[in-house]
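Chemist: Here's my sequence, what's the structure:
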Amino acid sequence: MTTLSLITPSGRLTLGNLLGALRPMAAAAGPGSYYGVADLHALTTPHSPELLRTRVAEMRTLLLAAGLDAATLFVQSAVPAHRSLAYLLECVATSGELGRMIQFKEKGEVSSRASLFTYPALMAADILLYRAAEVPVGEDQRQHVELARDLALRFNRAYGEVFVVPRAVHPPAGARVMDLLTPTRKMSKSAGDEHPGSVFLLDPPDVVRRKVMRAVTDSDVGADAVRAEAAAKPGVTNLIDILVACGGSVAGLSTYGALKKAVVDAVVAELEPLQKRYRDLAADPAHVSAVYEDGAARCREVTAPVLAAAEAALGLL
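Modeler: A predicted model of the protein is given here:
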């Protein structure tokens, strides 16, 4: 089965990305898995070109370090069919449906880049190019898969059967890691490289310790203070979830100090092998580049017939 997952380099990867996405991706990786760095998506808002290159380089290496070797790894911009098909799909999409997309409704302004408005067509192209019948997504991405489905159906009816019509599926979710300072929202790589509520995958142990020890808890005291109760104790629940996801246990923990110390130890132990592999890979950039060049070549081979079929159906070839 073909599976596709792209990660936008809008910031540095976090512990939440590792536990919630990268670990499940690594477990599912195989010959039909295509995992990419969606650098084109990062162009929809103002950005620094140098910072984008740095983030892409770090993310490429981290995906390898996280054990995604069994998949086809690529950087989106190295596969021109993504942006080529995106324009063709813009010619099928309507302004009304693009304007209803949640990201544009939340972030769009009069001075927004046009790409913020049209990038759902690029996301649809990402999906349709690989002819995946099922697209594993979280609930927050369902709308994009539904648009890809609508565009595929509309294109097929108007110009002939070219695209596999995808459907969203929801595999068992990985650990949901919340912000350490605002535990009612997810830990985000887009919050800023210095955000103290996010544990980044390359944070050294002393930084992990400082962030976790400053994590929000509550004023509860007593023998049962360390308990999971999402509504009343979101900060404590988040710390417990992180501890368990990293292989630890709350057994015997009766104070928040003890809980935080256990979380620090578990997170540092979880990150240590990944960081070691990252350092080894970073010392051999030619190997990392070769992996992604091979992956991009494979993607170009797979996507070329789909793009050619779409162009022919539209009368371009």
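Chemist: list the helices and strands the strand or helix carrying Arg298 packs on?
Modeler: Secondary structure from DSSP states H and E places Arg298 in helix 285-314. The helices and strands touching helix 285-314, judged by 3 or more Cβ pairs under 8 Å, 6 or more residues apart in numbering; DSSP states H and E, are strand 33-37, helix 49-65, strand 72-75, helix 81-90, helix 142-159, helix 256-282. Backbone N, C-alpha and C define where each C-beta goes, glycine included.
Chemist: What score does Leu317 have for pLDDT?
Modeler: Leu317 carries a pLDDT value of 77.
Chemist: can you check Lys107 too?
Modeler: Lys107 carries a pLDDT score of 61 in this model.
Chemist: sorry, back to before: among the helices and strands packed on helix 285-314, single out whichever gets nearest to Gly99.
Modeler: helix 142-159 (11.8 Å; Cβ to Cβ).
Chemist: Low-confidence regions, the stretch 151-300 of the chain specifically.
Modeler: 171-174, 223 (pLDDT under 70).
Chemist: And the helix holding Arg298, what's buried?
Modeler: 288, 291-292, 295-296, 298-299, 302-303, 306-307, 309-310, 313-314 (16 or more other Cβ atoms under 10 Å).
Chemist: circling back: now tabulate the helices and strands packed on helix 285-314 in JSON lines and tack on mean neighbour count and distance to Val212.
Modeler: Compiled in JSON lines, the helices and strands packed on helix 285-314 are given as follows (neighbours: other Cβ atoms under 10 Å; distance: least, Cβ to Cβ, whole Å):
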{"stretch": "strand 33-37", "mean neighbour count": "24", "distance to Val212": "28"}
{"stretch": "helix 49-65", "mean neighbour count": "18", "distance to Val212": "21"}
{"stretch": "strand 72-75", "mean neighbour count": "24", "distance to Val212": "31"}
{"stretch": "helix 81-90", "mean neighbour count": "20", "distance to Val212": "38"}
{"stretch": "helix 142-159", "mean neighbour count": "18", "distance to Val212": "32"}
{"stretch": "helix 256-282", "mean neighbour count": "17", "distance to Val212": "5"}
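Chemist: is it possible to export those to JSON lines including distance to Ala124?
Modeler: As requested, the helices and strands packed on helix 285-314 are exported to JSON lines (distance: least, Cβ to Cβ, whole Å):
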{"stretch": "strand 33-37", "distance to Ala124": "15"}
{"stretch": "helix 49-65", "distance to Ala124": "22"}
{"stretch": "strand 72-75", "distance to Ala124": "18"}
{"stretch": "helix 81-90", "distance to Ala124": "5"}
{"stretch": "helix 142-159", "distance to Ala124": "4"}
{"stretch": "helix 256-282", "distance to Ala124": "32"}
